[in-house]
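**Student:** Let's see this in three dimensions:
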Amino acid sequence: MEALTTASLLERWRDGDTDAFAALIQRFEEPLLRHVRVLLGPRGSCEDVVQETFLRLAKKPPAPHPDANQDPSAGHGALAAWLHRVARNLCTDEMRSTSRREQREQAVAPDEAVSGGQSSVDGADTKAAVRRGMDQLPSDQREVLVLRLLDGHSYQEIAEITGLKTGTIGWLLSTGLAALSQILAPMLGNSQPNNMPLGDVQ
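**Tutor:** Numbers count the residues shown, from 1 in each chain. Model (predicted):
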């Protein structure tokens, strides 16, 4: 399928074009997986959450943004925010369900089973170190860092996804980066974590 705006793909899907829906999945699947993995962790049912998100898009797609024809970025941002909100709500449900199950079972995984064994890394493994460092941040800081630095969402889009105020988002980004620098300093030795290309982390 030729390159189309997100709004055009959404409109085609609303008219029953399955190729358009496949193109939407291809366009949004990876960003959604990154977001969900931040919330659920590597052992969460991340792929299932993303699949359910797309099922909800398939069953009841949102109305197109009113300015989508004049501003393609508005149409893209609106659908991205909708998808991320759905995925975030599904993650919340998943975490609540997991918490209830764990309480019923009264079982807690041993520390060594979940810690992953943090070990020092050399300078050649910067991206892996950043990912491991981000795993140690509070979930709200992790979430905005991923949405802003890895997926390139604007403050307004992050606000629509998370329900946070833009000022809070800025504060979380600032404190998250500062905390990440502190975490990475001993892991990376003499390297300068503040100068790392965070936006390149996959």
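**Student:** For Pro138, grab phi and psi.
**Tutor:** Taking degrees, to the nearest 10, you get phi -60, psi 150 for the backbone angles of Pro138.
**Student:** Pull the contacting residues for it.
**Tutor:** Pro138 makes contacts with Gly176, as judged by CB atoms under 8 Å, 6 or more residues apart in numbering. Yep, even glycine has a C-beta here, placed from its N, CA and C like the rest.
**Student:** Does the residue nearest to the spatial centre of the chain lie in a helix or a strand, and which?
**Tutor:** Centrality entry for the chain: nearest residue to the mean C-alpha point is His35, 1.5 Å, by CA atoms, centre = their mean. Mapping His35 onto the secondary structure by DSSP states H and E places it in helix 18-40.
**Student:** Could you do Leu4 as well?
**Tutor:** Assigned by DSSP H and E, Leu4 belongs to no helix or strand.
**Student:** ok, it - how many residues close by?
**Tutor:** Here the count is done by other CB atoms under 10 Å, and Leu4 has 16 residues near it.
**Student:** Identify the residues contacting it.
**Tutor:** The contact partners of Leu4, by CB under 8 Å, 6+ apart, come to 12, 20, 23.
**Student:** ok, and the most crowded of those?
**Tutor:** Ala23 leads those on contacts (other CB under 10 Å) with 20 neighbours.
**Student:** quick one: that residue and Val38, what's the gap?
**Tutor:** According to CB to CB, to the nearest Å, Ala23 and Val38 sit 25 Å apart.
**Student:** What are the structural domain limits within this protein?
**Tutor:** Residue ranges for the domains of the chain, per automatic domain parsing: 1-108, 120-202.
**Student:** could you dump those domains to TSV with mean pLDDT?
**Tutor:** Formatted as TSV, those follow (pLDDT from 0 to 100):
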stretch	mean pLDDT
domain 1-108	84
domain 120-202	75
